[in-house]
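Asker: Sharing a sequence plus its predicted fold:
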Amino acid sequence: MIRLSRITDYGIVLMVQLARSADAGARNARHLAAETELPVPVVSKVLKSLAREGLLTSQRGSKGGYTLARPPDEITVPEMITALEGPISLTACSVHPGACSQASSCDVREPWQQINAAVHGALEKVTLADLAAPQTPGTLIPLPSLGVTLEPAGLE
């Protein structure tokens, strides 16, 4: 199963919260933790990581906190994932050639690299603005930049 880590999931939740409240100015970890119902220590750690990777800017002081480094429509899903997990890779050889001792005789190495590129390309089309767009529970989720509409989990 391909799965994002809990930290990455939390990071994307925090990025969406910042995108939705961009007009409120800088937000500190305690406020964001309360709004997202996530633990303050985890929120603080994730925000620092996102700032270190250039997706957030941080300001110190009594009115300090975190803001998006760029507009939400300029931040992509792969950027957020990579900032918290490293390169997106379905297999080790997709990102690190030579990581597998079987690489020279592997019949599926190139197909996996092509699949990895396709997944990355699809994720690249989804922006933070898409994720932050208002949604009504139980309805189809439009992702305009991807050109698709997704059904929420559990609906078929």
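Answerer: Here it is on my side, so go on. Numbers count the residues shown, from 1 in each chain.
Asker: switch to C-alpha atoms for all contacts and neighbour counts from now on
Answerer: OK.
Asker: Mind telling me which residue is nearest the centre of this protein?
Answerer: M80 (3.5 Å; C-alpha atoms, centre = their mean).
Asker: In which helix or strand does the residue nearest to that one when sequence neighbours are not counted reside?
Answerer: Nearest residue to M80 in three dimensions, chain neighbours excluded: I12, at 6.8 Å (C-alpha to C-alpha, 6 or more residues apart in numbering). In this structure, I12 is located in helix 6-20 according to DSSP states H and E.
Asker: What helices and strands are in contact with that helix?
Answerer: Packing partners of helix 6-20 (3 or more C-alpha pairs under 8 Å, 6 or more residues apart in numbering; DSSP states H and E): helix 29-36, helix 40-52, strand 65-68, helix 77-85, helix 128-132.
Asker: could the ones you listed go into TSV alongside distance to R109 and mean pLDDT?
Answerer: TSV is the format used below for the helices and strands packed on helix 6-20 (distance: least, C-alpha to C-alpha, whole Å; pLDDT from 0 to 100):
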stretch	distance to R109	mean pLDDT
helix 29-36	40	95
helix 40-52	32	96
strand 65-68	37	95
helix 77-85	22	95
helix 128-132	31	90
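Asker: Among those, single out whichever gets nearest to N116.
Answerer: helix 77-85 (12.1 Å; C-alpha to C-alpha).
Asker: Taking their axis directions, that closest one and helix 40-52 sit at what angle?
Answerer: 120 degrees (axes from the mean of the first three to the mean of the last three C-alpha atoms, to 10 degrees).
Asker: Pull out the buried positions in stretch 66-73.
Answerer: Using 16 or more other C-alpha atoms under 10 Å as the test for burial, stretch 66-73 gives Y66, T67, L68, P72.
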